[in-house]
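**Q** Fold the following, please.
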Amino acid sequence: MTYLAYSPAAPLNHYIDDLYYVNAPLPYSDVKVFPMPSLHLMINLGDSFHLRELEQTTLIECHDSWVMGLWEKPHVVQYPQETRLFGVHFKPNGAYPFLQMPLTLLHNQIVPLDTIWGSLASDIQEQLATAPTVQAGFALLEQFLLAQLTETPHGLDVVQYAISRIEQRQGGVSIKALSDEIGISQMHLGTWFKRMVGVSPKRLAQFYRFAHVLHTINAAQLVDWAGIAQQANFYDQAHFNKNFLDFTGYTPSEYLKRSRHLSSAHTDYTPTIGLLPIV
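**A** So this is what the prediction gives:
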């Protein structure tokens, strides 16, 4: 499996964490993906992907290119044997200037890219398919995204500042105090967040808090669940356990057991925050 990432230059780096390229075969066909504070754009050059909600059997087929908003529940991605794609990891507020649509419409959704960009979606797919190297593909994708970037929408700077404060505090922030710090009402901030991020500030803070929890877990060592819950400012262990189950579909002990099994039984397994192969 080949996975390459590229950090774009300014101004794209204000909106995008990285561009990436994947070329398979992948070591696992089914992967459970957890809610993370990031939106994704993927341009598929291989076989179709399939996606389903955790407790559902209905599959969503992803053939060409698509964009995925923030998901609040874990979901399963079924990778094809012939996987080849370019992707974009947007910051939580980063997709809005490129898509110019209320991101609540992408909440818990995966949407074909041509429904947003029309024929431009197939144009960039064709160009990437014939790029002579991965680096040339990154350059094409970077140029394409620059061409789609509009002027900074009103309010995006406020949303960006609020997200930076939420991220700095690893989700442990009072939205009322944050609104007071910025100098706008909670309702006003919430309206901007839902349009430019897709979820409320409170919900995004929960994503960051959960991501921080996953970062603190080392499956190779003894895990102090009570200490992690306290550090992440959960009310009590029961509250932590419930949130962990909501975000992963596993209890903390089940998650740890599966992580340890993958590490011991599959020498090629590399832990990645935000997903866990289903084996």
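**Q** centre of the chain versus stretch 13-26, how much separation?
**A** The chain centre lies 11 Å from the centre of stretch 13-26; the measure is C-alpha atoms, centre = their mean, to the nearest Å.
**Q** oh, I was asking about stretch 196-205
**A** Between the centre of stretch 196-205 and the centre of its host chain there is 13 Å, according to C-alpha atoms, centre = their mean.
**Q** If you count neighbours, what's buried in stretch 164-180?
**A** Buried positions in stretch 164-180, judged by neighbour count with 16 or more other C-beta atoms under 10 Å: 166-167, 169-171, 173, 175, 178-179. All C-beta spots, glycine's among them, are computed from the backbone N, C-alpha and C.
**Q** My guess is Arg258 contacts Gly249. True?
**A** No. The pair formed by Arg258 and Gly249 falls short of the contact definition of C-beta atoms under 8 Å, at 10.5 Å.
**Q** Now the common contact residues for these two.
**A** Here Arg258 and Gly249 share no contacting residue, scored by C-beta atoms under 8 Å, 6 or more residues apart in numbering.
**Q** can you give me the helices in the stretch 51-200 of the chain?
**A** With DSSP state H, counting those that start in this stretch as the definition, the stretch 51-200 of the chain shows helices at residue ranges 96-99, 114-117, 119-129, 134-148, 156-168, 175-182, 186-196.
**Q** from the ones you listed, which stretch is densest packed?
**A** Looking across the helices of the stretch 51-200 of the chain with neighbours counted as mean count of other C-beta atoms under 10 Å, the highest average goes to helix 96-99: a mean of 23.
**Q** Contact partners for whatever residue is furthest in space from the centre of the chain?
**A** With distances taken from the mean C-alpha point of the chain and given as C-alpha atoms, centre = their mean, the most distant residue is Gly183, at 29.0 Å. Applying C-beta under 8 Å, 6+ apart, one finds that Gly183 lies in contact with no residue.
**Q** Over to Lys73?
**A** Lys73 makes contact with 35, 53-54, 108, 246, according to C-beta under 8 Å, 6+ apart.
**Q** distance of the residue farthest from the centre of the chain from His14?
**A** Gly183 sits at a distance of 22 Å from His14 (criterion: C-beta to C-beta, to the nearest Å).
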